[in-house]
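>>> What shape does this take:
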Amino acid sequence: MALNSTKYFLKLMRRLIVAVDNTAAPGINVVTNSGTDPSRVYSLALTGDTSDRTIFIYHHDGTTYNPIWTGTLPTNTGIAENIPAIDLIRENRLTGLEVDDKGNFFFDLPNGHSIRIRSTAAPTVSIFAMVLVRDFAA
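Residues are numbered from 1 along each chain as shown. This next block holds a predicted model:
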């Protein structure tokens, strides 16, 4: 997804940390929303738990949950000193990512869209999604 020809200006740089809460119906948590203007997501890092966890990442267009990544977070990912967090964007683990003029991978999120996360684990799972987002205004 590329930004259209409309000129956009950097409005805000956000860092978000979202805990996965499987008690929320339907167990799919919002990681980030684009709001009324588009956003460019540069980082989507995941930390794990004390057990392997299956994770599902979705692009939600307001109606449909479109899966963009499914995988397993190994035990202690991002918790143990020698096991780093997994960054799906910076490590180019998502298909179709674009590259900016500095060589950074990114994902454009149109206005009104969101990135969401779900885990198959029990409600007490300790998984965090950390996001680096640039918001743009026309």
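
>>> What distance do you get for the nearest residue to residue 48 once chain neighbours are set aside to residue 49?
Leaving aside its sequence neighbours, residue 48 sits nearest to residue 77 (Cβ to Cβ, 6 or more residues apart in numbering; 3.4 Å). (Each C-beta comes from the backbone N, C-alpha and C, glycine too.) Relative to residue 49, residue 77 is positioned 8 Å away (Cβ to Cβ, to the nearest Å).

>>> can you list the weak-confidence ranges in the chain?
1-26, 121-132, 135-138 (pLDDT under 70).

>>> need the contact list for residue 73.
Neighbour list for residue 73: 46-49, 52-55, 86, 127 [criterion: Cβ atoms under 8 Å, 6 or more residues apart in numbering].

>>> Show the buried residues in those residues.
Buried subset of the contacts of residue 73 (neighbour count, 16 or more other Cβ atoms under 10 Å): 46-49, 53, 55, 86, 127.

>>> Columns distance to residue 71 and secondary structure on top of these, output as JSON lines?
Below are these laid out as JSON lines (distance: Cβ to Cβ, whole Å; DSSP: H, G, I helix; E, B strand; the rest coil):
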{"residue": "46", "distance to residue 71": "9", "secondary structure": "strand"}
{"residue": "47", "distance to residue 71": "14", "secondary structure": "strand"}
{"residue": "48", "distance to residue 71": "11", "secondary structure": "coil"}
{"residue": "49", "distance to residue 71": "14", "secondary structure": "coil"}
{"residue": "53", "distance to residue 71": "10", "secondary structure": "strand"}
{"residue": "55", "distance to residue 71": "6", "secondary structure": "strand"}
{"residue": "86", "distance to residue 71": "8", "secondary structure": "strand"}
{"residue": "127", "distance to residue 71": "12", "secondary structure": "coil"}
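
>>> could those residues go into JSON lines alongside distance to residue 119?
Converted to JSON lines, the buried ones among the contacts of residue 73 look like this (distance: Cβ to Cβ, whole Å):
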{"residue": "46", "distance to residue 119": "10"}
{"residue": "47", "distance to residue 119": "12"}
{"residue": "48", "distance to residue 119": "10"}
{"residue": "49", "distance to residue 119": "9"}
{"residue": "53", "distance to residue 119": "5"}
{"residue": "55", "distance to residue 119": "6"}
{"residue": "86", "distance to residue 119": "14"}
{"residue": "127", "distance to residue 119": "6"}
